[in-house]
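Novice: Please work out how this folds:
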Amino acid sequence: MKIKNILLIIFYFYFTSSATAVESTQALVEIEVTQEEVNDSTAHNFPVMSELAGSKLEKQRNDYLSNKNRSLGNDSKGSYVGWGESAINVSPNSIDFGQKRIMAFEKAFIDAKADFVRMKKQKVATTITRELFQDDRDNNEVEIKDGGIAGLAKKIHALAEAAIDEKLVEYGVDPSTIENSDISKKRKLMENSINKEVTVKAVQNISGIRIIATFEDVSGVGVLIKASPKYRDMAKAIASKKLVGYPSKGDPKNSIKNQLNDRLSDEDYFVQHGLRIMTDDSGNRVLVSFGQWAPKVTRNDSRMKINNAVKAAKGIAYDQALSYITMFVNTTLALENKTKLTDSETINALSRTDGTNEEQESSSVGAMLDKFVKETSRVTIEGVSQVHSWAINHPETGHPLVGTVLMWSPATQEYARAYDKKRPTKKKYSQNQQNKDSDQKNYKMRKSADFDDDF
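Specialist: The predicted structure follows:
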């Protein structure tokens with residue numbers, strides 16, 4: 001009996017220890033699986049935002065605005081600060097990099113203008129909603145609760161037919177001409193008429209937009225823009241040739257040259273893009289424009305090919321700088337003609353944009369507007385003068401870059417007019433004569449210089 005009990009005790013401890021060992025092993029296995037799951041958790045499946053292209057540009061932009069005590073959007077003075085950015089979609093080792101970075105600036109600038117128009121459409125729609133429907137609420141309240149353009153469409157849908165007829169007459173449409181007096185067609189016609197009015201008023205606000213600052217690294221370019229009534233008035237006065245300046249004691253170019261020399265060396269010019277507004281020693285407002293291009297050549301090319309490519313690039317850089325000045329002025333004239341603007345295909349296309357595809361809108365709105373301005377208004381601006389030209393290699397990638405700085409002021413305009421009066425035959429401007437007289441590297445982030453009217 002004792003032997004039987006002893007055997008039972010032995011079997012009991014054996015099975016108990018075995019079970020404990022199994023449980024311990026299972027627990028160990030479970031811990032190992034859990035650790036693997038932690039190492040392969042969803043947090044490791046997503047890109048790190050701080051490492052994405054554009055995030056560094058935005059950080060630089062935010063730091064810059066913070067230092068200036070400014071922010072994106074509208075301010076109390078009626079000015080607007082906006083942002084656009086574009087990736088440089090080639091390696092910094094590519095021969096195409098030099099030209100692609102300049103094209104990235106152009107696209108970023110266009111996208112910034114597109115975002116401004118989209119914002120302005122919402123603001124204008126809110127204002128028109130309050131006017132049409134006698135809504136005495138604050139503009140911000142109407143925009144937040146009713147949703148701008150979307151809210152306007154809902155209000156139109158709720159109108160009775162008699163009210164729609166009345167509104168159509170206000171927009172110059174005879175309701176009796178609508179087939180079968182279809183109420184749905186009347187609503188759609190009214191919505192289209194108001195949407196076109198909204199678009200026209202929004203687009204007219206882009207005149208006078210200029211660049212505040214640009215930021216770039218080898219992955220992308222970012223552009224800060226500013227739109228204000230002051231700049232629109234200035235562009236309008238230049239276009240009408242009525243902007244009168246203060247008398248200048250010396251060559252007005254020297255004042256701007258000296259200011260640029262104080263701020264920039266030749267190695268700094270390649271990060272300056274587009275149009276800036278400065279003030280000369282006499283107090284005149286001056287348009288200063290920076291253009292550049294990159295000849296696509298290497299040391300393996302012949303000397304003749306290199307020389308020809310550099311010469312052509314200088315011509316393109318000059319044209320770029322000149323285009324920024326003419327666009328600043330011509331945009332005002334083109335968009336002031338409300339009849340031509342309303343009837344244009346550009347406005348029809350923008351009026352059909354409902355905002356559901358924002359990527360498409362951003363990539364096309366600015367381009368359509370630029371094309372409309374170029375096709376509609378070609379003002380000849382007197383007194384554009386070359387201030388500086390430069391040629392360097394990109395300090396990090398080595399790509400050759402050439403650039404031109406042009407200026408216009410009321411003083412240079414008067415100089416040009418006085419010169420023309422002395423000459424019976426105006427000599428045609430010669431652009432060529434003006435042009436004579438690895439991806440893992442720790443690339444730098446660069447910002448354009450600030451000038452005296454940048455905020």
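Novice: And the next helix or strand past the helix or strand of the chain with the lowest mean pLDDT?
Specialist: Least confident helix or strand of the chain, by mean pLDDT, DSSP states H and E, is helix 431-436 with a mean of 42. Downstream of helix 431-436, the first helix or strand assigned by DSSP states H and E is strand 446-447.
Novice: what does that following strand rub up against?
Specialist: The contact list for strand 446-447 (C-beta atoms under 8 Å, 6 or more residues apart in numbering) reads 60, 64, 213, 214, 215, 216, 217, 271. C-betas here are computed from N, CA, C, even on glycine.
Novice: I'd like those laid out as JSON lines, including secondary structure, neighbour count and pLDDT.
Specialist: Formatted as JSON lines, these follow (DSSP: H, G, I helix; E, B strand; the rest coil; neighbours: other C-beta atoms under 10 Å; pLDDT from 0 to 100):
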{"residue": "60", "secondary structure": "helix", "neighbour count": "18", "pLDDT": "92"}
{"residue": "64", "secondary structure": "helix", "neighbour count": "16", "pLDDT": "93"}
{"residue": "213", "secondary structure": "strand", "neighbour count": "25", "pLDDT": "93"}
{"residue": "214", "secondary structure": "strand", "neighbour count": "24", "pLDDT": "94"}
{"residue": "215", "secondary structure": "strand", "neighbour count": "25", "pLDDT": "95"}
{"residue": "216", "secondary structure": "strand", "neighbour count": "26", "pLDDT": "94"}
{"residue": "217", "secondary structure": "strand", "neighbour count": "20", "pLDDT": "92"}
{"residue": "271", "secondary structure": "helix", "neighbour count": "19", "pLDDT": "93"}
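Novice: could these be laid out in JSON lines, adding distance to residue 241?
Specialist: Formatted as JSON lines, those follow (distance: C-beta to C-beta, whole Å):
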{"residue": "60", "distance to residue 241": "39"}
{"residue": "64", "distance to residue 241": "36"}
{"residue": "213", "distance to residue 241": "30"}
{"residue": "214", "distance to residue 241": "30"}
{"residue": "215", "distance to residue 241": "36"}
{"residue": "216", "distance to residue 241": "36"}
{"residue": "217", "distance to residue 241": "42"}
{"residue": "271", "distance to residue 241": "33"}
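Novice: and which of the residues you listed is nearest to residue 390?
Specialist: When the contacts of strand 446-447 are compared for distance to residue 390 (C-beta to C-beta), residue 271 wins out at 12.0 Å.
Novice: give me the low-pLDDT residue ranges for the stretch 51-200 of the chain?
Specialist: 51-54, 130-164, 167-182, 186 (pLDDT under 70).
Novice: For it, just list every one of the strands.
Specialist: Secondary structure of the stretch 51-200 of the chain by DSSP state E, counting those that start in this stretch: the strands cover 73-74, 80-87.
Novice: which of the ones you listed is buried the deepest?
Specialist: Among those, strand 80-87 has the highest mean neighbour count (mean count of other C-beta atoms under 10 Å), at a mean of 21.
Novice: Just list the residues touching the nearest residue to residue 94 once chain neighbours are set aside, thanks.
Specialist: Closest residue to residue 94 apart from its sequence neighbours, by C-beta to C-beta, 6 or more residues apart in numbering: residue 100 at 7.6 Å. By C-beta under 8 Å, 6+ apart, the contact set of residue 100 is 88, 89, 90, 94.
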